[in-house]
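Student: Pasting the sequence and the predicted coordinates here, then a few questions.
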Amino acid sequence: MAKAIFHKPVGYTQPKGGGGWYAEASKDPQSFPEEFIAYAVEAGAATRVGENAKTGDQASAAKPAAN
């Protein structure tokens, strides 16, 4: 599963199959299928985090390590 931080609520329904997902805004990363994360990032509702983050997408969500 892919992870993202959601900045605003977003919902997505699959074009085929009728399934879908919904996420509320949260400062904590949330895990969803890649299809939904890709849609949310494209819609401006989320920023990717974690291993699957693409360069540039994660930059605004990066936080300095606590010392």
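Tutor: Structure's in. What do you need?
Student: Give me the pLDDT for residue 66.
Tutor: pLDDT recorded at residue 66 is 52.
Student: Could you do residue 60 as well?
Tutor: At residue 60, the pLDDT value in this model is 41.
Student: Show me which positions of stretch 19-33 end up buried.
Tutor: 21, 23, 29, 30, 32 (16 or more other C-beta atoms under 10 Å). In this view, the C-beta of every residue, glycine as well, is placed from N, C-alpha and C.
Student: Just the ones in strands from those, please.
Tutor: 21, 23, 30, 32 (DSSP state E).
Student: Help me confirm that the last one comes into contact with residue 19.
Tutor: It stands for residue 32. No - taking contacts as C-beta atoms under 8 Å, residue 32 lies outside contact range of residue 19: 11.8 Å.
Student: any low-confidence regions in the protein?
Tutor: Filtered on pLDDT under 70, the chain yields the residue ranges 52-67.
Student: cutoff 80 now
Tutor: Counting by pLDDT under 80, the chain shows low-confidence ranges at 17-18, 51-67.
Student: Please, where are all the strands along it?
Tutor: 2-6, 10-13, 20-23, 30-32, 46-49.
Student: so can I have TSV of the ones you listed showing distance to residue 38?
Tutor: Formatted as TSV, the strands of the chain follow (distance: least, C-beta to C-beta, whole Å):
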stretch	distance to residue 38
strand 2-6	8
strand 10-13	9
strand 20-23	12
strand 30-32	10
strand 46-49	9
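Student: of all the ones you listed, which lies closest to residue 39?
Tutor: strand 10-13 (4.7 Å; C-beta to C-beta).
Student: Which parts of the closest one count as buried, going by neighbours?
Tutor: Residues of strand 10-13 classed as buried by neighbour count (16+ other C-beta under 10 Å): 10, 12.
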